[in-house]
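# Need coordinates for the below:
(2 chains)
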Amino acid sequence: MREFEEACARGVAERHIHGEVHLAIGQEAIGAALAGVLRDSDAMVSTHRNHLHAIAKGVPLHPMLAEIFERATGLCGGFGGHMHLFDPARRFSTTGIVGGSLPVALGHAYAARLRGDDAVAVAVVGDGSVNTGGFAESMNMAGAMKLPLVVVVENNEWAISVPFSQASATATIAERAAAFGARGVRVDGLDYERVREAFIDAVDSARAGGGPVIVEATCYRFRGHYEGDLDLYRDQGDKESRREQRDPLAMARAELLESGAADEPELARIDEEVRAEIGGLVQRVLADPFPDPETARRHVFASGLDLPAGV
Amino acid sequence: MDAIRQNINVSQAVAEGLRLEMEADEHVLVIGEDVGRQGGVFGSTRGLQKAFGAERVLDTPISEMAFTGMAVGLAMEGYRPVVEIMFADFIGVCLEQVFNAIAKNPYMSGGATPMPIVIKTAGGAIGSAAQHSQTLWGLYAHLPGLRVVAPSSPHDSKGMMAAAVQSPDPVVFIEHKGLLLKKASSFSHGTDVPRERYTVPLDRAHVVREGRDVTIATLSASVGDALDAAEALALDGIDVEVLDLRSVVPLDWDGITASLRKTRRLLVVDEDYLGFGLSGELITGAIERLGLDGLDSVSRHGLANVPVPASKTLEQAVLPSAASIARAVRESGAGR
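The predicted structure follows:
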């Protein structure tokens, strides 16, 4: 995940990507904790900061990186870009609008109810989204209807430049769950094991008919809101110390070594393999074609309706 | 098909269209405020919950953002939701889901994620003042990715609702509050509503009255007013063609230009706001297609760019009516 996102950061710096890119470097423990838990029949709806969630849902890396690099071979043929990833086969989608993913996940949850199966819907959102009307409306409906909705809130403390402490009437997001007839749990989002435990528990509960759950995972984004954001609104000393002391990757590494689950040579070998894989992926994507400009009007209507240009 | 005269009102025609589509396809469902128990505040979903159950005809809380977005997730799961936004004016609270998700997901996904959703809503001025009297088809039409239709008769209301439900595209279906409770027998066009399932194409204008001198291009409740105006003008020897556009997106340019080649005069009558809307689009598009020399006159008559006022005298002052349409035709120079 880290390597994938660093490739995206380089893609912006080297101008292979001309749109904005939002990275979740520093939040990998949450992304990793979500990986492998859901079935293809479960839905996940993510946000503008979505790469790790897509990886966790099993979206294949090549079409995903190609979409981020705006190529014709991308997941959406280059029509969506990094903020708008759609993988219908895996029931994965995103929105670039803060809070916009919650109502959509609600629809997936209701589809499970209509079919009478035990699929769950997961909305992954940031702390900024919990202050939108859509969050309150969706949580209330999910609670009233006892729908299988799991909301994972990545509370990285910042909605662009506005701190959560200044934006929220409640000290935590998890405590809001009670108002919606939902369960709420707050976990350390830097701790892979804790997040995974909480997430599996939430999914199991929703799947069993227990109604909606909010999992608030606390974290911190190491990069600015988007690549190129000067990030002057945060205390630089605090940011540096968090990057040095509270890097979930370094913490996980130390834990693996300490517990004896892995040794240095093994981790170095894995690092090398990942670097080679992502490096190869980037080379492949860079060789992929851009979309044909002639096709820019395609897909406006699924029916193929094509309005004359200009009208 | 043998047309059977059912003297039902427009809302019953809409409900009948929905019922037949729900019978034909179990993936069709209706979501909105008061659509179930009450059958819609105008009755256009009446009987559906009884027929199909409370899960397929879902009474929601007053949470348009949530239930409109819910339709997005449902569409991704293979359902065909019909979402009712009770009054067109209320779209503001959920427009985000309408234009950022419903209208754009098919495009952003490179065609992988169709959104076969009907946004069913009621527009039109019936004395309910500024927050409950807009039509707003120009607003919806401005957003790429949405089909926008507004039927004018009981026949079209049933058939166009059926076509909207069957369409793979999102369709904004705008009823007119002033028409919904009118019985078929009180219309002068489109009064035959067959009992069986049928569709009316979503992209064909309809020549409701043939004429030589001027084309009135309009839609929804203004079609009836234009027909009344045409009757009055006929006494003065002005032969008016009334074109019911039916659809704002797409505009049926073949039908429009065929009429204009005959009459060479265009008057757009629009109950929506005049500025930056249907009338400007239609007139510009007509000139683009026929050239400045292809037309003898173009003009427009519609809702002055003010919110709709409450008092009857004020409302009548800003809305098109049969009398004001007749006046606008005379001022356009037709019949000179």
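
# which ones are touching residue 233?
Using chain A. By C-beta atoms under 8 Å, 6 or more residues apart in numbering or on different chains, the contact set of residue A:233 is A:158, A:160-161. Quick note: C-beta positions are derived from backbone N, CA and C, even for glycine.

# Hmm, no, I was thinking of chain B.
Here residue B:233 is in contact with B:239-240, B:326, B:329-330, B:334-335 (criterion: C-beta under 8 Å, 6+ apart).

# change it to 10 Å
B:211, B:213-214, B:216, B:239-240, B:325-326, B:329-330, B:334-335 (C-beta atoms under 10 Å, 6 or more residues apart in numbering or on different chains).

# what about the strand or helix carrying it, distance to the chain center?
Assessed by DSSP states H and E, residue B:233 sits inside helix B:221-234. Computed by C-alpha atoms, centre = their mean, to the nearest Å, the chain-centroid distance of helix B:221-234 equals 18 Å.

# Name the residues of the longest helix seen in chain A that come out as buried.
Criterion DSSP state H: the longest helix present in chain A is helix A:264-287. By 16 or more other C-beta atoms under 10 Å in any protein chain shown, the buried positions in helix A:264-287 come out as A:278, A:281-282, A:285.

# helices or strands next to that helix in the packing?
Under the contact definition 3 or more C-beta pairs under 10 Å, 6 or more residues apart in numbering or on different chains; DSSP states H and E, helix A:264-287 sits against helix A:2-13, helix A:61-68, helix A:248-259.

# Now tabulate those helices in TSV and tack on distance to chain B.
As requested, the helices and strands packed on helix A:264-287 are exported to TSV (distance: least, C-beta to the nearest C-beta, whole Å):
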stretch	distance to chain B
helix A:2-13	18
helix A:61-68	9
helix A:248-259	30
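
# Which residue ranges of the chain form strands?
This is for chain A. For chain A, the strands defined by DSSP state E cover A:43-46, A:86-87, A:92-94, A:121-126, A:149-155, A:158-159, A:162-163, A:183-188, A:213-218.

# nope, chain B
B:28-32, B:57-59, B:80-87, B:118-123, B:147-149, B:171-176, B:206-209, B:214-218, B:240-244, B:247-249, B:265-273, B:297-303.

# which outside residues touch the fifth one?
Read it as strand B:147-149. Residues contacting strand B:147-149 (C-beta under 10 Å, 6+ apart): A:301, A:303, A:305, B:103, B:118-119, B:136-142, B:156, B:160-161, B:163-164, B:167, B:169-174, B:200, B:202-203, B:219-220, B:245-251, B:278.

# and the strands of chain B, which is most packed in?
strand B:214-218 (a mean of 30; mean count of other C-beta atoms under 10 Å in any protein chain shown).

# in its sheet, what does it sit against?
Sheet pairing here is set by DSSP bridges, and for strand B:214-218 it gives strand B:240-244 (parallel), strand B:265-273 (parallel).

# For the last one, output the C-alpha coordinates as CSV.
As requested, C-alpha coordinates have been extracted for strand B:265-273 and formatted as CSV (Å, rounded to 0.1, in the frame of the first residue of the first chain):
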residue,chain,number,x,y,z
ARG,B,265,-41.9,30.9,-37.0
LEU,B,266,-41.0,29.7,-33.5
LEU,B,267,-42.5,30.7,-30.1
VAL,B,268,-41.2,28.8,-27.1
VAL,B,269,-43.6,28.7,-24.2
ASP,B,270,-42.0,27.7,-21.0
GLU,B,271,-43.4,27.6,-17.5
ASP,B,272,-39.8,27.3,-16.2
TYR,B,273,-37.6,30.4,-15.7
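
# thinking again about what came up before, can you list the strands paired with strand B:214-218 in JSON lines and add mean pLDDT?
Shown next, in JSON lines, are these (pLDDT from 0 to 100):
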{"stretch": "strand B:240-244", "mean pLDDT": "98"}
{"stretch": "strand B:265-273", "mean pLDDT": "98"}
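
# Now render those as a markdown table, adding distance to residue B:196.
What follows is the strands paired with strand B:214-218, written out as a markdown table (distance: least, C-beta to C-beta, whole Å):
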| stretch | distance to residue B:196 |
| --- | --- |
| strand B:240-244 | 23 |
| strand B:265-273 | 32 |
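
# how long is stretch A:11-23 from one end to the other?
12 Å (C-alpha to C-alpha, to the nearest Å).

# Contacts for that stretch next, please.
A:2, A:4-10, A:47-52, A:65, A:68-71, A:81-83, A:96, A:126, A:221-229, A:282, A:285-286.

# what comes up buried for that stretch?
A:11-12, A:16-17, A:20-23.

# of all these, which two lie farthest apart?
The span of the buried residues of stretch A:11-23, defined through C-beta to C-beta, is set by A:16 and A:22 at 16.4 Å.

# Run a quick neighbour tally on residue A:234.
16 (other C-beta atoms under 10 Å in any protein chain shown).

# Setting aside sequence neighbours, what's the nearest residue to it?
residue A:158 (6.9 Å; C-beta to C-beta, 6 or more residues apart in numbering or on different chains).

# was I right about the one you found contacting residue A:222?
No. Assessed by C-beta atoms under 10 Å, residue A:158 is found out of contact with residue A:222, at 11.5 Å.

# Now the common contact residues for these two.
residue A:231.

# residue contacts, the residue of the stretch 201-311 of chain A found nearest chain B?
Nearest residue of the stretch 201-311 of chain A to chain B (C-beta to the nearest C-beta) works out as residue A:302 at 3.6 Å. Residues in contact with residue A:302, defined by C-beta under 10 Å, 6+ apart, are B:105-107, B:109, B:111-116, B:145, B:167-170.

# related to what we said a few turns ago, redo the strands of chain B as a markdown table? Include distance to residue B:96.
Output for the strands of chain B, formatted as a markdown table (distance: least, C-beta to C-beta, whole Å):
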| stretch | distance to residue B:96 |
| --- | --- |
| strand B:28-32 | 17 |
| strand B:57-59 | 21 |
| strand B:80-87 | 13 |
| strand B:118-123 | 13 |
| strand B:147-149 | 18 |
| strand B:171-176 | 15 |
| strand B:206-209 | 34 |
| strand B:214-218 | 31 |
| strand B:240-244 | 32 |
| strand B:247-249 | 20 |
| strand B:265-273 | 21 |
| strand B:297-303 | 25 |
